[in-house]
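Novice: Sequence and predicted model, in that order:
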Amino acid sequence: MKDMIERAGLKVAPVLAEFIEARALPGTGIGSQSFWEGSANIFNTFAPENRKLLVAREEMQTKLDAWHRSTHALGIQAALNVPRQRKQGSRRHQWYQSTMTLR
């Protein structure tokens, strides 16, 4: 990213810095130095955990994509028609067993 400026160790776009310092902060009682230092502290505190969560999200997305690819050929009805476990002895279980024998 070109044309970035530094604020409390953060690289920010000049338009963002100008907006924060000239329009957002005036009248709040928060100085620009305090704002940027606080923002940097928040990013430094949560960035490592955020990276881990993004990796976990990517792994879950990969599994979801694989499931969708594997069930696409079956069609949505076949993919959703996976038999669920039923409590033995229940009316649903008895009905389910009777329908399975008809297939």
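Specialist: Received the coordinates, thanks. This structure is a prediction, so every number in the text was calculated from the model and none was measured.
Novice: Quick one: residues contacting Glu37.
Specialist: Neighbour list for Glu37: Ala8 [criterion: C-beta atoms under 8 Å, 6 or more residues apart in numbering]. (C-beta placed from N, C-alpha, C; glycine too.)
Novice: what helix or strand does it sit in?
Specialist: Using DSSP states H and E, Glu37 sits in helix 32-72.
Novice: same question, Lys11
Specialist: According to DSSP H and E, Lys11 maps onto strand 10-12.
Novice: list the helices and strands that strand packs on?
Specialist: For strand 10-12, the packing partners by 3 or more C-beta pairs under 8 Å, 6 or more residues apart in numbering; DSSP states H and E come out as strand 5-7, helix 32-72.
Novice: any idea of the mean pLDDT for the longest one?
Specialist: So the one you mean is helix 32-72. Averaging pLDDT along helix 32-72 yields 93.
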